[in-house]
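**Student:** turn this into a structure:
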Amino acid sequence: MLLDNCIWDIKCSVGNDILDNHHKVLFDILTRCVESSDKSDVKYLMVVRELLDYCHMHFAVEENMIEENGYPYFQEHAVEHKNILSAVEKIIFKLYNGIPINVDRVDKFVFNWILRHVLEQDMKYKGYV
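**Tutor:** Below is the predicted model of the structure:
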């Protein structure tokens, strides 16, 4: 099951309370997305939209922190954020416009991205925040 690994714990910590709390919220949103019982329901669309809105806010805060603290791979990190936002925006566009989409693939994409991003990419800036 997808949610087996979607529980925030100390191994997910980047050493910054603000960013750790953001990541906890992202995990919560993801859980609600995956657990949505009716993927054709407006509630599912709203949760995916919430994910996008929260990612916009979180990425802005995170990028500001790592840039201010001299993280040497800031540009690469910011590009990954832009790519993720673009992908989620395309998903939302399809959902809003009734374009058929495999929501299980959407869930897996979002799930894998959040875990990989937090556990791999964000850990790289751990000493800079």
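**Student:** let's check: the centremost residue of the protein is which one?
**Tutor:** Closest residue to the average C-alpha location of the chain: I114 at 4.6 Å, with C-alpha atoms, centre = their mean.
**Student:** surely it meets D28?
**Tutor:** No: I114 is beyond contact range of D28, at 10.7 Å (criterion: C-beta atoms under 8 Å). Where C-beta positions appear, they are placed from N, C-alpha and C, glycine not excepted.
**Student:** and the top helix by length along the chain, what does it pack against?
**Tutor:** The residue-count maximum for a helix in the chain (DSSP state H) belongs to helix 42-68. Secondary-structure packing of helix 42-68 (3 or more C-beta pairs under 8 Å, 6 or more residues apart in numbering; DSSP states H and E): helix 17-35, helix 74-96, helix 103-116.
**Student:** and that helix, how far out from the chain middle?
**Tutor:** Distance of helix 42-68 from its chain centroid, counting by C-alpha atoms, centre = their mean, to the nearest Å, is 7 Å.
**Student:** how about stretch 122-129?
**Tutor:** With C-alpha atoms, centre = their mean, you get 17 Å for stretch 122-129.
**Student:** pLDDT weak spots in this protein?
**Tutor:** Counting by pLDDT under 70, the chain has low-confidence residues at 1-6, 37-41.
**Student:** swap the cut-off to 90 and go again
**Tutor:** 1-12, 27-48, 84, 87-88, 90-92, 94-119 (pLDDT under 90).
**Student:** related to what we said a few turns ago, in CSV, list the helices and strands packed on helix 42-68 along with distance to N64.
**Tutor:** Output for the helices and strands packed on helix 42-68, formatted as CSV (distance: least, C-beta to C-beta, whole Å):
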stretch, distance to N64
helix 17-35, 11
helix 74-96, 10
helix 103-116, 20
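**Student:** between these, which one is nearest to M57?
**Tutor:** Of all the helices and strands packed on helix 42-68, the one in closest proximity to M57, counting by C-beta to C-beta, is helix 17-35 (8.0 Å).
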